[in-house]
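Enquirer: Starting from these lines, generate the structure:
(4 chains)
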Number of protein chains: 2
Amino acid sequence: MSVSDSKKPPPRITSTAEFARYVGLARTTVSRVLNRQPGLKQSTIDRVQHALTETGFTPNAYATLLKGKGTSSIGICMENLLTPPIILKLAALQRQLRSQGYTSLIEVYARGESRTIIRHFLSMRVGAVVFIGHFDPAELETRIRELSGHKTPHLVIDHHGIPHANTVTLDRAQAMREMMHHLLELGHRSFGLLGIPLDVASRLERVHGIRTALQEHGLDLQTCTRSFDAQCLRTQDFEFGRALARQFLELKQPPTAYVALNDEIAIGAIRALQEAGLAVPGDASVTGFNNQDICTMMAPPLTTVDQQIEPTIKTAMQVLMSQVRGGMPARPILRTIKPELVIRQSTGPAAR
Amino acid sequence: MSVSDSKKPPPRITSTAEFARYVGLARTTVSRVLNRQPGLKQSTIDRVQHALTETGFTPNAYATLLKGKGTSSIGICMENLLTPPIILKLAALQRQLRSQGYTSLIEVYARGESRTIIRHFLSMRVGAVVFIGHFDPAELETRIRELSGHKTPHLVIDHHGIPHANTVTLDRAQAMREMMHHLLELGHRSFGLLGIPLDVASRLERVHGIRTALQEHGLDLQTCTRSFDAQCLRTQDFEFGRALARQFLELKQPPTAYVALNDEIAIGAIRALQEAGLAVPGDASVTGFNNQDICTMMAPPLTTVDQQIEPTIKTAMQVLMSQVRGGMPARPILRTIKPELVIRQSTGPAAR
DNA sequence: AACATTTCCGGACAGGTGTCCGCGTCAAGC
DNA sequence: GCTTGACGCGGACACCTGTCCGGAAATGTT
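Expert: A predicted model of the protein is given here:
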């Protein structure tokens, strides 16, 4: 028996009634102390506080929340927990919510499981639901309709183009437009697209931005760009980019610039080029997307687009709070975030 | 007015009583249906089910949980949401818990805030608390004592050496021992440690593993290894590794092998070496730790240690479930995970 | 000592759900 | 027409907290 064990350990207390008995006060008095109501003698407040630290008693949150008191929580539905940009958004949002006194309930999306997740959020009576990432459009739309039916505010971060959805998203078209202008001014006229499909029906925002930039230079999308996405299987992004670049190198006239969907694919492409004895950016330029940490760790450091995560989450919080406090908006709120081009050393003047 | 709007939208229902009135049944009957009790006619079950999908009603989880029914939840306290290995563990654990019917409450640790977090978990009456990552030892120990006082099981993943803590951790000493054997067999005899401090009082597991391996080759830690950690400020790991390697290169006899704390530091070191005109592994070998995705994306691919995340989480679940179901163990449970050396191309025979 | 004031007690209710139980209803079988 | 089940109804209680309120007790004032 050590000295610290001399005083018998306090019992495990699970209700205010028990706790009040332990302190020797009425349950209501204890409750008043815990909720900082006036009209209490300082000595009794101290007595309760002391017993509180001694036993570590915490009131049952479920009962408190059932009463409608207590901090409300926000449900966060994540596309996955694997890609760095998405995690950074989660981390930033979680921190912001916490500082505002909200608890976050985090769930990870799985195809077809979103209904379960939203029902869980609704049963927890969350104050709002945030979706981060990209989802099955039809599924997401249905969920948002359900949430609206329950007068529960929502917000979609990243996924763009869902009808009636409040959305905060990066202006990817604008990002690609700026990126293309950067490359066009360097003299590039033929582009290899990596992970950016060129279907005629492609509703991909990015293609739109690329097309716009080319048109502003009097050029045409079909003749200047090329994509081999269909030929390669996308399992791991780095290898995907590597394989795609290899395809391009088999052409008689390979493009002088490669535009990748994200940083990993770009890095894979750079690797393939370097393995083929080509210099980046001497023989070919390569651009990424996301501005992840790896960008500065590469040789050469990668020219890319920054997602502006802090501003994104900041406006996300504004949209969220305005809904939680001010009620549901009549028309969906749409906010686009201006991207920032980050020019590093993977892009340079066109060789020929 | 479109056709789908013709039927008036179902009202927003927030309690079983309301819902029962809507269906035209007694509240108790509805409750029986929702909880799959026997003795109900199929037609009434269908009636309730139909109204359920129509209105999207969900019983108030707080009331259910207050009653003691419903799935219990597990609290997860994260060191941060920034480093890949930690996130991967979270993702794996969350998935496992979900498949077992547990909800995870995720909170992010901040120095000095752990008390708030644990009190939150306790007030939510979680079934157990999991810590993932490294924390302030004294703080963590206190929290664990608190949890034990509340008869709430706990588990620490990664952080090692907390008294009375149930722990699942990678055998980092063994990992370093194997790594050193690999390097020693390649002929290396002088080692630069990157991010691994060599204080005399260093209780760092890894140093122990390094010392053991050297002794097994009849070598001495002090004469064979060197560390410049004190000279450089660790803000961003890549730059940290780069700066450290530069320090080593100013020596008259730089080491032939560099052992880094993690992959980013290793990659920074490789960069510094390459910038100095040295070849890896021709002139010097470099090793990392964690086996993150970037390892295969580098040139050369990085020799590193795999954290064995799947096995880690698997045994973590076993330890967790045995506690949740079988009660608190008399003595702390300690499980170590065997690491796996991943040899790639950043290590090779010693130059001299 | 009589009074006013501060402070605490204890009963009560609400919040929504799960469950038990006695009772009414309805239909089927004789 | 009667009995017998099957099934739904609705009252009651428990889970735990926050809050209101009248009354009791303790404290302070004159």
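Enquirer: residue ranges of the strands in chain A, please?
Expert: A:73-78, A:103-108, A:128-133, A:154-158, A:167-170, A:191-194, A:225-227, A:257-260, A:285-287, A:304-306, A:334-337, A:340-342 (DSSP state E).
Enquirer: where does chain A dip in pLDDT?
Expert: For chain A, residues meeting the criterion pLDDT under 70 lie at A:1-10, A:200-203, A:352.
Enquirer: ok, which residues in it are in contact with DNA strand D?
Expert: Neighbours of DNA strand D within chain A, by C-beta under 7 Å from any atom of the strand: A:14-17, A:27-28, A:31-32, A:34-35, A:37, A:59-60, A:63-64, A:66-67, A:69. Yep, even glycine has a C-beta here, placed from its N, CA and C like the rest.
Enquirer: Going through these, which ones are buried?
Expert: A:Thr14, A:Thr16, A:Ser31, A:Arg32, A:Leu34, A:Pro59, A:Asn60, A:Ala63, A:Thr64, A:Leu66 (16 or more other C-beta atoms under 10 Å in any protein chain shown).
Enquirer: From B:Gly326, how far off is the first one?
Expert: Separation of A:Thr14 from B:Gly326 (C-beta to C-beta, to the nearest Å) stands at 21 Å.
Enquirer: How about the last one?
Expert: For A:Leu66, the distance to B:Gly326 (C-beta to C-beta) stands at 31 Å.
Enquirer: Then A:Pro311?
Expert: Distance, A:Pro311 to B:Gly326, using C-beta to C-beta: 49 Å.
Enquirer: if you count what's nearby, which of these two comes out ahead?
Expert: A:Pro311 (14 against 9; other C-beta atoms under 10 Å in any protein chain shown).
Enquirer: Can you name the residues that contact the more buried one?
Expert: A:Pro311 sits next to A:Ile337 when contact means C-beta atoms under 8 Å, 6 or more residues apart in numbering or on different chains.
Enquirer: Quick check on A:Arg189: phi, psi?
Expert: Main-chain torsions, A:Arg189, degrees, to the nearest 10: phi -130, psi -10.
Enquirer: my guess is it meets A:Asp220, correct?
Expert: No - with contact defined as C-beta atoms under 8 Å, A:Arg189 does not count as touching A:Asp220 (10.8 Å).
Enquirer: Looking at the two, which is more packed in?
Expert: A:Arg189 (16 against 11).
Enquirer: Span of stretch A:328-338 from start to end?
Expert: The stretch stretch A:328-338 measures 25 Å between its terminal residues, going by C-alpha to C-alpha, to the nearest Å.
Enquirer: Relative to the whole chain's centre, how far out is it?
Expert: Distance of stretch A:328-338 from the chain centroid (C-alpha atoms, centre = their mean, to the nearest Å) equals 17 Å.
Enquirer: Return the distance of stretch A:70-90 from the chain's centre.
Expert: 6 Å.
Enquirer: Spatially, what comes nearest to A:Pro300 if we skip its sequence neighbours?
Expert: Spatially, and ignoring its direct neighbours in sequence, A:Pro300 is nearest to A:Gln345 (3.7 Å; C-beta to C-beta, 6 or more residues apart in numbering or on different chains).
Enquirer: do the same with A:Thr103
Expert: A:Ser73 (4.1 Å).
Enquirer: what does A:Ala175 give?
Expert: Nearest in space to A:Ala175, with sequence neighbours left out and distances taken as C-beta to C-beta, 6+ apart, is A:Pro339 at 3.8 Å.
Enquirer: number of nearby residues for that neighbour?
Expert: If we define neighbours as other C-beta under 10 Å, then A:Pro339 has 23 of them.
Enquirer: Would you check that it makes contact with A:Gln174?
Expert: Yes - using C-beta under 8 Å as the test, A:Pro339 is close enough to A:Gln174 to be in contact (6.3 Å).
Enquirer: Where does the stretch 251-352 of chain A get nearest to DNA strand D, which residue?
Expert: DNA strand D sits closest to A:Arg325 of the stretch 251-352 of chain A, with a gap of 19.6 Å, by C-beta to the nearest atom of the strand.
Enquirer: measure that residue to A:Ala165 for me?
Expert: From A:Arg325 over to A:Ala165 (counting by C-beta to C-beta), the distance is 20 Å.
Enquirer: So for the two, which residue has more residues nearby?
Expert: A:Ala165 (23 against 9).
Enquirer: For the more buried one, give me its contacts.
Expert: Listed by C-beta under 8 Å, 6+ apart, the contact set of A:Ala165 reads A:Leu140, A:Glu141, A:Ile144, A:His154, A:Val156, A:His159, A:Pro332.
Enquirer: Please apply the same query to A:Val305.
Expert: For A:Val305, the contact set (C-beta under 8 Å, 6+ apart) comprises A:Ala175, A:Glu178, A:Met179, A:Thr287, A:Gly288, A:Phe289, A:Asn290, A:Asn291, A:Pro339, A:Glu340, A:Leu341, A:Val342.
Enquirer: What subset of those is buried?
Expert: Buried among these (16+ other C-beta under 10 Å): A:Ala175, A:Glu178, A:Met179, A:Thr287, A:Gly288, A:Phe289, A:Asn290, A:Asn291, A:Pro339, A:Leu341, A:Val342.
Enquirer: would CSV of those residues with distance to B:His150 be doable?
Expert: Shown next, in CSV, are these (distance: C-beta to C-beta, whole Å):
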residue, distance to B:His150
A:Ala175, 50
A:Glu178, 55
A:Met179, 55
A:Thr287, 54
A:Gly288, 49
A:Phe289, 47
A:Asn290, 43
A:Asn291, 44
A:Pro339, 48
A:Leu341, 53
A:Val342, 49
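Enquirer: Keep only those of those residues that are in helices.
Expert: If you go by DSSP state H, those have A:Ala175, A:Glu178, A:Met179 in helices.
Enquirer: And the helices in the stretch 101-250 of chain A, which stretches?
Expert: A:114-123, A:137-149, A:172-185, A:205-216, A:221-224, A:237-249 (DSSP state H, counting those that start in this stretch).
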